[in-house]
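Colleague: Take a look and give me a structure for this.
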Amino acid sequence: MDSGAGKLFESEASFNGAVEVVHVIWSADDGGFAVVEVREDSGDEFIATGTIGHLKPGERAKLVGRWTEHHKYGPQVEVFSALPMDPSDRAGQVAYLSSLRHIGPIRAEALCSLHGPEVLEKIAADPEGIIGSLPGLGAKQREAALDSWYETRAVRDLHVELAPHGLAHLAGKIHTRFGDRAMRTIREDPYSLTEIDGVGFARADTIAIAAGFPPESDRRAQAAAWYLIGEAERRGHTHLPVNELTNQAAKLLGYRPETEVLTSAQGLITEGDRVYRQSTLDRECWLATELRERAEAEPVLEHEPGQETGTELTAEQWQAVLGAFRSRLSVVTGGPGVGKTVCTREIVREAKAAGVRVGLCAPTGRAARRLSDATGAEAMTIHRILEWRPGSEPTYKPGHPLPVGLLVVDEASMINLHMADVLLNGIGQDTHVVFVGDADQLPPVGAGKPFADLIESGTVPVTRLTHIFRQAARSMITTAAHEINQGRPPHLSPGPDQVQDFHFLERVTPERVRSAVVEMVGERVGAGLGLDPIRDAQVLAPIYRGETGIDVLNRELQQRLNPDGRKAVADRFRIGDRLIQTRNAYEFGLMNGTICFLVEDDPDEEMVVLETDDGQSVELPYSETSDLKLAYAISVHKSQGCEIPVVIFVCHRSHAGMLSRPLIYTAITRARQMCVMVGDRPALETGVRKDEAGRRYSSLAARLAGTLD
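Modeller: All right, here's what the predicted structure looks like:
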């Protein structure tokens with residue numbers, strides 16, 4: 001970078017000027033905070049930091065901020081606002097136009113040659129005439145290119161409107177959600193912005209107050225109530241007690257609102273002392289009725305399993321097999337090494353022997369593959385078996401049920417209220433359903449905990465497998481998991497005849513934690529275990545931010561494991577990177593949580609090729625890559641439902657607020673061959689004692705048991 005930045009820093013503390021984005025050094029997952037290399041018209045280059053994730057290479061922007069001195073990277077501008085500007089030079093104009101759908105670099109060059117330095121102004125004056133006149137564009141391509149132009153300009157207007165409130169980076173999301181109504185929504189009902197992931201009540205409130213909404217208006221209080229119930233659902237609750245809602249609203253609003261005002265918010269409903277979203281209450285009530293009716297109904301399958309010599313099932317395992325045929329609903333639960341897989345395999349064998357059509361499913365593709373491998377029968381995700389794409393109705397639904405006599409649902413602890421609702425709606429009343437899972441793992445992502453509630457209610461036969469088999473007991477991973485589940489820190493030395501596949505590396509400072517993690521993956525996985533460090537190892541951590549969080553670990557691991565990978569997808573990734581899909585993309589067969597590897601990048605076609613961890617090849621347009629993130633390190637929640645040869649789990653005091661017994665237990669039980677914990681013992685011991693992750697407000701168990709107040 002040019003030394004001119006240093007001279008500017010010495011002479012003037014503030015910065016206000018136009019720049020061109022040269023390179024995005026780093027951008028947060030939410031597209032907000034970013035570190036960007038920029039160039040002034042004078043040619044001076046420097047680093048800008050702030051909520052500028054919306055800026056892309058080649059774009060121009062007017063930055064307002066102040067010079068600061070970073071202890072490691074030197075002078076840089078801390079940006080307060082960044083308003084997009086049209087690029088003034090040809091290279092920038094080509095880059096800008098190339099970002100439009102179906103334009104690309106060649107057509108962008110042609111436009112600049114035809115219309116000169118004022119090309120963008122000319123397109124703005126007559127977009128249909130100029131873009132529509134490009135040779136080689138078909139009708140559909142022309143329409144898509146024009147839509148892309150209009151969308152880009154609309155988003156720029158939103159940037160200008162939102163920049164004073166620090167929300168410019170969310171302009172794209174807001175436009176996607178509200179379309180042509182976006183600007184009107186911002187000005188007339190800014191509280192609606194809380195529907196956008198990443199806005200939150202506080203930011204929408206800032207805009208609303210600036211627009212003249214009274215601080216004690218009913219609309220503001222009701223918006224706070226709706227937001228708080230939504231946040232509660234995101235944390236796993238199906239409702240909030242009235243008093244808790246009022247207390248949380250008081251902190252959010254700065255005064256204590258009347259309870260009646262809060263609970264009268266559109267879409268909310270009060271039942272006893274519980275406040276729900278109407279749709280969530282309806283779902284919980286329906287699911288309770290449906291589960292209870294199935295549990296109370298007589299079994300349909302006329303088959304009595306007879307244990308064959310050589311199957312060697314324990315008495316409790318045999319009860320699980322019998323329960324699958326003696327009740328329309330049954331549950332099999334237990335920790336690692338207790339034989340859940342053996343039970344499932346025997347249930348499938350018995351059903352096939354009796355001529356019963358069996359269905360096998362799990363919440364994730366990885367879990368479905370493991371179920372398939374274990375049973376020798378085809379297993380699918382819940383979405384696939386129901387032929388369900390959220391946003392549209394499943395193929396299998398009331399009146400057209402899934403044609404199976406017995407359905408085994410594995411990893412059932414991952415199923416939230418919504419998924420349980422759709423699943424039960426797609427299964428015929430005569431179908432026997434067996435839920436299999438580990439009730440001590442983390443509860444599901446999303447509202448509710450149906451698996452745990454079903455067990456707690458006592459309304460269905462539950463087989464709790466407790467016997468740890470000798471082969472499994474040889475693994476320190478298994479014994480460590482059971483010790484943690486009992487609230488005791490795990491032993492770190494192997495017992496007699498045990499394999500030392502579980503280790504704890506004591507590291508106190510964040511720097512040493514990162515160094516140990518990178519060394520473990522970069523050197524030990526390959527040299528010591530003979531495994532591929534990119535494909536066979538997974539780093540898990542509880543949080544994204546911070547010096548030992550997922551974001552910084554991903555950057556350091558990418559640099560260590562894939563330093564020479566060719567840059568791809570506008571420099572966001574490198575060829576060979578380990579990635580994770582963070583939202584469902586059904587049309588491409590990519591589900592939330594799918595691990596994949598970047599194998600090809602074609603900038604001309606604006607397309608990447610991914611290889612998923614089950615060997616499938618997926619072609620993905622650039623426009624669909626925003627939900628891909630680096631996955632050298634991921635959260636424990638994202639790892640649910642999978643097994644990985646090597647797990648390195650960060651358990652450090654800086655994560656103390658997130659560490660809990662279910663989270664640590666879930667992390668350890670993801671490892672198949674080796675588990676290494678890196679951190680400090682006090683953090684581990686405190687986390688093991690904290691059994692809080694499963695404490696959710698849910699009334700499903702009480703509804704099932706008939707004990708609801």
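
Colleague: list the contacts for the closest residue in space to residue 203 that isn't next to it in sequence?
Modeller: Residue nearest to residue 203 in three dimensions, not counting chain neighbours: residue 167, with 5.8 Å by CB to CB, 6 or more residues apart in numbering. For the C-beta atoms, the positions are set from N, CA and C on the backbone; glycine is no exception. Residues near residue 167 by CB atoms under 8 Å, 6 or more residues apart in numbering: 174, 193, 199, 203, 207.

Colleague: And for residue 406?
Modeller: 301, 324, 347, 351, 356-359, 431-434.

Colleague: ditto for residue 20
Modeller: The contact partners of residue 20, taken as CB under 8 Å, 6+ apart, are 38-39, 58-60, 87, 89, 92.

Colleague: Repeat that for residue 553.
Modeller: Residues near residue 553 by CB under 8 Å, 6+ apart: 514, 517, 539, 541, 632-633, 650.

Colleague: Strands - which of those residues land there?
Modeller: With DSSP state E as the criterion, strands contain 539, 541, 633, 650 from among those.

Colleague: show me where pLDDT drops low in the stretch 351-500 of the chain?
Modeller: For the stretch 351-500 of the chain, applying pLDDT under 70 flags the ranges 390, 470.

Colleague: Mind jotting down where the strands sit in it?
Modeller: For the stretch 351-500 of the chain, the strands defined by DSSP state E, counting those that start in this stretch occupy 358-362, 380-381, 406-409, 432-437, 462-465.

Colleague: any chance of those strands in a markdown table, with distance to residue 15 too?
Modeller: Listed next are the strands of the stretch 351-500 of the chain as a markdown table, based on distance: least, CB to CB, whole Å:
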| stretch | distance to residue 15 |
| --- | --- |
| strand 358-362 | 53 |
| strand 380-381 | 51 |
| strand 406-409 | 58 |
| strand 432-437 | 55 |
| strand 462-465 | 64 |
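
Colleague: looking at those, which is closest to residue 529?
Modeller: Of all these, it is strand 358-362 that lies closest to residue 529, at 27.4 Å by CB to CB.

Colleague: other SSEs contacting that closest one?
Modeller: With contacts taken as 3 or more CB pairs under 8 Å, 6 or more residues apart in numbering; DSSP states H and E, strand 358-362 sits against helix 340-353, helix 365-375, strand 380-381, helix 382-386, strand 406-409.

Colleague: So what touches the second one?
Modeller: Residues outside helix 365-375 that contact it (CB under 8 Å, 6+ apart): 341, 344-345, 348, 360-362, 378-381, 384, 408, 410-411, 414, 591, 593-595, 612-614, 641-643.

Colleague: And for stretch 581-600?
Modeller: Here stretch 581-600 makes contact (CB under 8 Å, 6+ apart) with 29, 364-366, 381, 383, 389-390, 534-535, 568-569, 573-580, 608-613, 616-620, 624, 627-629, 631, 638, 640-642.

Colleague: Dump the ones in strands among the contacts of residue 553 to CSV, plus pLDDT and distance to residue 43.
Modeller: Putting those into CSV (pLDDT from 0 to 100; distance: CB to CB, whole Å) gives the following:
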residue, pLDDT, distance to residue 43
539, 98, 41
541, 96, 41
633, 97, 38
650, 97, 43
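
Colleague: Show me what the longest helix along the chain is in contact with.
Modeller: For the chain, the longest helix by residue count, based on DSSP state H, is helix 139-162. For helix 139-162, contacts defined as CB under 8 Å, 6+ apart pick out 54, 83-84, 99-103, 123-124, 127-128, 131-132, 134, 137, 168, 170-172, 174-175, 180, 182-183, 186.

Colleague: With stretch 200-210 instead?
Modeller: Counting by CB under 8 Å, 6+ apart, 164-167, 186, 190-194, 215, 220, 223-224, 227-228, 252 sit against stretch 200-210.

Colleague: which ones among those residues are found in helices?
Modeller: Short answer: these in helices (DSSP H) are 186, 220, 223-224, 227-228, 252.

Colleague: Could you work out the most separated pair of the residues you listed?
Modeller: Using CB to CB, those reach their maximum pairwise distance at 186 and 228, which is 21.9 Å.

Colleague: picking that back up, from the contacts of residue 406, pick the one nearest residue 266.
Modeller: Among these, residue 433 lies closest to residue 266 (CB to CB), at 36.1 Å.

Colleague: which residues does that closest one contact?
Modeller: For residue 433, counting by CB under 8 Å, 6+ apart, the contacting residues are 294, 328-330, 406-407, 409, 427.

Colleague: As a markdown table, these with distance to residue 664 would be great.
Modeller: Formatted as a markdown table, the contacts of residue 433 follow (distance: CB to CB, whole Å):
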| residue | distance to residue 664 |
| --- | --- |
| 294 | 35 |
| 328 | 36 |
| 329 | 31 |
| 330 | 29 |
| 406 | 35 |
| 407 | 32 |
| 409 | 25 |
| 427 | 34 |
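
Colleague: that older thread, out of the strands of the stretch 351-500 of the chain, nearest to residue 50?
Modeller: Comparing those against residue 50 with CB to CB, the closest turns out to be strand 380-381 (40.2 Å).

Colleague: In the sheet, which strands lie alongside the closest one, parallel or antiparallel?
Modeller: Next to strand 380-381 in the sheet, as set by DSSP bridges, lie strand 358-362 (parallel).

Colleague: CA atoms only for the partner strand, dumped as PDB, please.
Modeller: Coordinates of each C-alpha in strand 358-362 appear next as PDB, following Å, rounded to 0.1, in the frame of the first residue of the first chain:
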ATOM      1  CA  VAL A 358     -40.400 -49.600   5.900                       C
ATOM      2  CA  GLY A 359     -39.400 -46.000   5.600                       C
ATOM      3  CA  LEU A 360     -36.100 -44.600   7.100                       C
ATOM      4  CA  CYS A 361     -35.400 -40.900   7.500                       C
ATOM      5  CA  ALA A 362     -33.400 -38.400   9.500                       C
END
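
Colleague: Tell me where the stretch 151-300 of the chain is predicted with low confidence.
Modeller: Judged by pLDDT under 70, the stretches of the stretch 151-300 of the chain that qualify are 164, 166, 197-198.

Colleague: which residues of it fall in strands?
Modeller: Ranges of strands within the stretch 151-300 of the chain are 240-241, 268-271, 274-277, based on DSSP E, counting those that start in this stretch.

Colleague: If you compare the directions of the helix or strand where residue 608 lies and helix 365-375, what angle comes out?
Modeller: Using DSSP states H and E, residue 608 maps to strand 607-612. Put simply, strand 607-612 runs at 40 degrees to helix 365-375, going by axes from the mean of the first three to the mean of the last three CA atoms, to 10 degrees.

Colleague: Mind listing what's buried along the next helix or strand after strand 607-612?
Modeller: The first helix or strand that comes after strand 607-612 along the chain, using DSSP H and E, is strand 617-621. For strand 617-621, burial by neighbour count (16 or more other CB atoms under 10 Å) applies to 618, 620.

Colleague: tell me the angle of strand 617-621 relative to strand 607-612?
Modeller: Strand 617-621 and strand 607-612 are oriented at 150 degrees to each other (the same axes, to 10 degrees).

Colleague: Please work out which residues outside strand 617-621 touch it.
Modeller: Residues from elsewhere that reach strand 617-621 (CB under 8 Å, 6+ apart): 585, 588-590, 596, 599, 606-612, 628.

Colleague: do the same with stretch 502-521
Modeller: Stretch 502-521 has contacts (CB under 8 Å, 6+ apart) with 475-477, 480, 490, 492, 533, 537, 539, 546-548, 552-553, 556-557, 560-561, 632-633, 648, 650, 652-654, 668, 671, 674-681, 684.
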